[in-house]
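> okay, here's the prediction I keep looking at, along with the sequence it came from:
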Amino acid sequence: MCIRDSRVRGLLADQAEIGLALLDAAAASGGAHYADRALALGGRVHELLFDPRQAGYFDAADPLGLGLLGGRSKSFDGNTGLAVFFGRLADATGDETWRARAVTALAGFTGVWDRLGVSSAKYGLGLLHAFGGG
């Protein structure tokens, strides 16, 4: 994935994992360029995948150009992973906008997380990072 590209390719969960890897690389190496890339990725993900009508982020940025026929959806795994990524961006940058976006990513799943068994642990991890405990 090229951050300079106008599209975010791959699924939301993939973008969140790439963002977390960039933040880990920045922390391990002290390389500001990794943090800058994570910040740029977070901005593009928010710009292209955020649903302004309902809480959460879409899984893909209409990769086929089909609009509603593309069947965009919001996944639990993608949004909980994004909450961790955005929470860590808030920690790394001091910008609380990222924390608010992390909460938004989780808000669409408040009524279902407790029915997902072991998968609900990822929701808890998202909450931890969204509210600054990570």
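Thanks, I have the structure now. Numbers count the residues shown, from 1 in each chain.

> quick one: contacts for residue 39?
The neighbours of residue 39, taking CB atoms under 8 Å, 6 or more residues apart in numbering as the test, are 89, 93. For every residue, glycine as well, the C-beta is placed using N, CA and C.

> helix or strand next in line after the helix or strand it falls within, which one?
For residue 39, the element it lies in under DSSP states H and E is helix 32-49. Per DSSP H and E, helix 32-49 leads on to helix 76-93 as the next helix or strand towards the C-terminus.

> mean confidence for that next one?
Taken as a whole, helix 76-93 has an average pLDDT of 94.

> before we move on, back to that, figure out how far the helix holding residue 39 is from the centre of its chain.
Centroid displacement of helix 32-49 relative to its chain, using CA atoms, centre = their mean, to the nearest Å, is 10 Å.

> and it with helix 76-93, angle?
140 degrees (axes from the mean of the first three to the mean of the last three CA atoms, to 10 degrees).

> restrict helix 32-49 to CA atoms and write it as PDB.
Output for helix 32-49, consisting of C-alpha atoms alone and laid out as PDB, is shown next (Å, rounded to 0.1, in the frame of the first residue of the first chain):
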ATOM      1  CA  ALA A  32       9.800   9.800  13.000                       C
ATOM      2  CA  HIS A  33       9.100   8.800   9.500                       C
ATOM      3  CA  TYR A  34       7.300   5.700  10.700                       C
ATOM      4  CA  ALA A  35       5.100   7.800  13.000                       C
ATOM      5  CA  ASP A  36       4.400  10.300  10.100                       C
ATOM      6  CA  ARG A  37       3.300   7.400   7.900                       C
ATOM      7  CA  ALA A  38       1.000   6.000  10.600                       C
ATOM      8  CA  LEU A  39      -0.500   9.500  11.000                       C
ATOM      9  CA  ALA A  40      -1.000   9.800   7.200                       C
ATOM     10  CA  LEU A  41      -2.600   6.400   7.000                       C
ATOM     11  CA  GLY A  42      -4.900   7.200   9.900                       C
ATOM     12  CA  GLY A  43      -6.000  10.300   8.200                       C
ATOM     13  CA  ARG A  44      -6.700   8.600   4.900                       C
ATOM     14  CA  VAL A  45      -8.600   5.700   6.600                       C
ATOM     15  CA  HIS A  46     -10.800   8.300   8.400                       C
ATOM     16  CA  GLU A  47     -11.300  10.300   5.300                       C
ATOM     17  CA  LEU A  48     -12.200   7.300   3.100                       C
ATOM     18  CA  LEU A  49     -13.900   4.800   5.400                       C
END
